[in-house]
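[1] Any chance you can model this:
(chains A and B)
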Amino acid sequence: MADTSTQTPNPPKQKKAKKPLKIKARAPRGFVDKTAPTVRAEQGLIQAVTAIYGQHGFEPLETSAFEYADALGKFLPDDDRPNAGVFALQDDDEQWMALRYDHTAPLARYAAENWQHLAKPYRRYAAGPVWRNEKPGPGRFREFWQCDADIVGSDNPAADAEICLIARKGLTAAGLSDEQVSIKINNRKLLNATLDMAEVSDPTQKLIVLRALDKLDRLGLEGVTALLGDGRKDESGDFTTGAKLTPKQIETVLAFSTAGRETRADTLTALEGVVGGHAEGAAGLAELRAMDALFTALGHPPGAFVFDPGIVRGLEYYTGVVFEAELNIQVQDEKGRPVQFGAVGGGGRYDDLMTRFTGQPVPATGFSFGVSRLVSALQAAGQTIEAPAPLVMVLVLDAEHTDHSFLLAERVRQAGISTEVYVGTSGMKAQMKHADRRNAFAAVIVGEDERQDSTVTIKNLELGRQLAQRIDSREKWAEERPGQVTVPADDMVKTLQEMWDGNQA
RNA sequence: GCCGUCGUAGCUCAGUUGGUUAGAGCGCCAGAUUGUGGCUCUGGAGGUCCUCCGUUCAAUUCGGAGCGACGGUACCA
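    Next up is the predicted model:
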């Protein structure tokens, strides 16, 4: 029997001996590390928003990161391109699984699976990462957090209105002011009616029309008109093929999209004139009227909830009301140019999403925040990020007595102050430097002298930071020992607390 | 996906008209400093010059392809 295992494989090329390759330390494309300030801000935000959801009786639901690909809907990967759009892999039983790309599809799967156990209407919230296997861009990543609230099992416009209400409440709870938040609302039924009246029936053509209308705020009437017609050439010379509508069709479509007025009542009147004569249009208008009545009764300012026929949103699964949360914030970039914030969240009614599980439509409506985008919006709005908790550093001057430092640190922690014991191996100077860089407000120094006397030396690092700016000679610096005291070990916690309070004053 | 710019130390960047050992500033580590953050001085570590293929006696440098970053545009459940 031939044993091939002892044969040498092809000898490596006789090049100069290479050093072992070092791996480039970098996160995968489109994935980012979130450092402490961002994590703190995002966690604070999610806490504030989900508290609102909880007040409205929504329950948390965490579903798994992976779903079977067919449960995710029409974006399931095919064999040729198993990772188109989603991150997918094949399980042992050859089933395709994919990471969720939003929280809505998993909710539909969960609700269908547990339908008989759920009290309907079922309302839940979810916060967590979602993954999209697309080319990343500025402010766009392949992993990002969304925070959702949905109501399944009600086709009542009151459910849509409540979703809009908590979207707004969530944003204000996150720290935005009443004037900064605006929920813009449209209804896909009105769009369908418009397309029907304009005699646009080809599905592909419909899609192009909707995409064009979605760009109204960015490209303006002229650009959208071009996209509805033959097409448009952008600044880079790239040509986008248009929907090839006739001028009359374009007129019909744009008459709808530009029917927005100052108040909801005026907009409803204008829309009545455009699509009121169409059956589906009339149905959509009735839903908006019901929402309007609730908003008005609850006494929110007029700008809080706006009917805007220019809103299109996601193109595939929305069936009725759609909405977007927009921020009225004036921001400038480094070059002083005004920055337009896109929507920080959106949602709508998706009555058909569960059909593939249940065989019949189940009404559902929901909303989703982009967590990271909202955090950067808050920062732009001047919301300060929570400062990290105060920190004390306990030095270890003699490795044999590390336990002593650990015991002291435990006493400080019990008083509620975060405490780090130096666990490196460098000398005192490096430890002080470390304490400084960790932004500790105080260092606890325990050497042989302190141990024998049952004392500790506490140095006020914050004070030293201020003094350092005025001292330039080494001698003075060495003599200064700013805010340094030696106290009995039993007074350590009290001294630290007073030092912190004093520094805050 | 398409167009453009770029890729040299941890960071910001010089430089090599193709030739011995590729540099600076900042940062990092250590010493001067006895048990003290900053300043100053001294020393040290750290590089497949993005990768591969080609041209060449010789490529970090020239050519091609790829990958990556950034910007614009498209798509975005």
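[2] got the contact list for residue A:184?
    By CB atoms under 8 Å, 6 or more residues apart in numbering, the contact list for residue A:184 reads A:306, A:307, A:308, A:311, A:323, A:324, A:325, A:326. The C-beta positions use only the backbone N, C-alpha and C, and glycine is treated the same way.
[3] Return the member of those residues nearest to residue A:268.
    Nearest to residue A:268, judged by CB to CB, of the contacts of residue A:184 is residue A:307 at 6.8 Å.
[4] Beta-bridge partners for the closest one, please?
    residue A:185 (DSSP bridges).
[5] Is it in contact with residue A:260, as I believe?
    Yes - contact criterion CB atoms under 8 Å: residue A:307 and residue A:260 qualify, at 6.9 Å.
[6] Between these two, which contacts overlap?
    Listed as contacting both residue A:307 and residue A:260 by CB under 8 Å, 6+ apart are residue A:267.
[7] What strand or helix carries the residue in chain A positioned nearest to RNA strand B?
    Residue of chain A nearest RNA strand B, by CB to the nearest atom of the strand: residue A:464 (2.0 Å). Assessed by DSSP states H and E, residue A:464 sits inside helix A:461-468.
[8] Give me the residues contacting that helix.
    Against helix A:461-468 from outside (CB under 8 Å, 6+ apart): A:393, A:435, A:436, A:440, A:441, A:442, A:443, A:477, A:480, A:482, A:483, A:503.
[9] Settle this for me: the fourth one is touching residue A:392, isn't it.
    Yes - proximity of residue A:440 to residue A:392 meets the contact threshold set by CB under 8 Å, at 5.9 Å.
[10] who touches both of these two?
    Both residue A:440 and residue A:392 are contacted by residue A:420, under the criterion CB under 8 Å, 6+ apart.
[11] Please identify which of these two sits among more neighbours.
    residue A:392 (28 against 22; other CB atoms under 10 Å).
[12] Could I get the buried residue list for stretch A:132-139?
    Under the neighbour-count criterion of 16 or more other CB atoms under 10 Å, stretch A:132-139 has A:132, A:133, A:136 buried.
[13] What residue, apart from its backbone neighbours, is nearest the residue nearest the centre of chain A spatially?
    For chain A, residue A:371 is the residue whose C-alpha lies nearest the centre (CA atoms, centre = their mean; 1.8 Å). Nearest in space to residue A:371, with sequence neighbours left out and distances taken as CB to CB, 6 or more residues apart in numbering, is residue A:145 at 3.8 Å.
[14] gap between whatever helix or strand the one you found lives in and the chain center?
    Assigned by DSSP H and E, residue A:145 falls within strand A:143-152. The chain centroid and the centroid of strand A:143-152 are separated by 9 Å under CA atoms, centre = their mean, to the nearest Å.
[15] Report whether that strand contacts RNA strand B.
    No - judged by CB under 7 Å from any atom of the strand, strand A:143-152 makes no contact with RNA strand B; its nearest approach is 10.8 Å.
[16] Can I get that strand as PDB, trimmed to CA atoms?
    Provided in PDB are the C-alpha atoms of strand A:143-152 (Å, rounded to 0.1, in the frame of the first residue of the first chain):
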ATOM      1  CA  GLU A 143     -23.200  45.200  11.400                       C
ATOM      2  CA  PHE A 144     -25.300  47.700  13.200                       C
ATOM      3  CA  TRP A 145     -27.900  48.000  16.000                       C
ATOM      4  CA  GLN A 146     -31.600  48.500  15.500                       C
ATOM      5  CA  CYS A 147     -34.200  49.000  18.200                       C
ATOM      6  CA  ASP A 148     -37.700  48.000  17.100                       C
ATOM      7  CA  ALA A 149     -41.300  48.100  18.400                       C
ATOM      8  CA  ASP A 150     -44.100  46.200  16.600                       C
ATOM      9  CA  ILE A 151     -47.700  45.400  17.000                       C
ATOM     10  CA  VAL A 152     -48.900  42.100  15.400                       C
END
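[17] JSON lines for the buried residues of stretch A:132-139, including distance to RNA strand B and pLDDT?
    Below are those laid out as JSON lines (distance: CB to the nearest atom of the strand, whole Å; pLDDT from 0 to 100):
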{"residue": "A:132", "distance to RNA strand B": "4", "pLDDT": "88"}
{"residue": "A:133", "distance to RNA strand B": "7", "pLDDT": "83"}
{"residue": "A:136", "distance to RNA strand B": "7", "pLDDT": "80"}
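[18] any idea which of those is the one closest to residue A:87?
    So of those, ranked by how close each gets to residue A:87 (CB to CB), first place is residue A:133, at 5.0 Å.
[19] Could you export the contacts of helix A:461-468 as TSV, including secondary structure and pLDDT?
    Formatted as TSV, those follow (DSSP: H, G, I helix; E, B strand; the rest coil; pLDDT from 0 to 100):
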residue	secondary structure	pLDDT
A:393	strand	96
A:435	helix	94
A:436	helix	92
A:440	coil	94
A:441	coil	94
A:442	strand	95
A:443	strand	96
A:477	helix	75
A:480	helix	68
A:482	coil	71
A:483	coil	81
A:503	helix	88
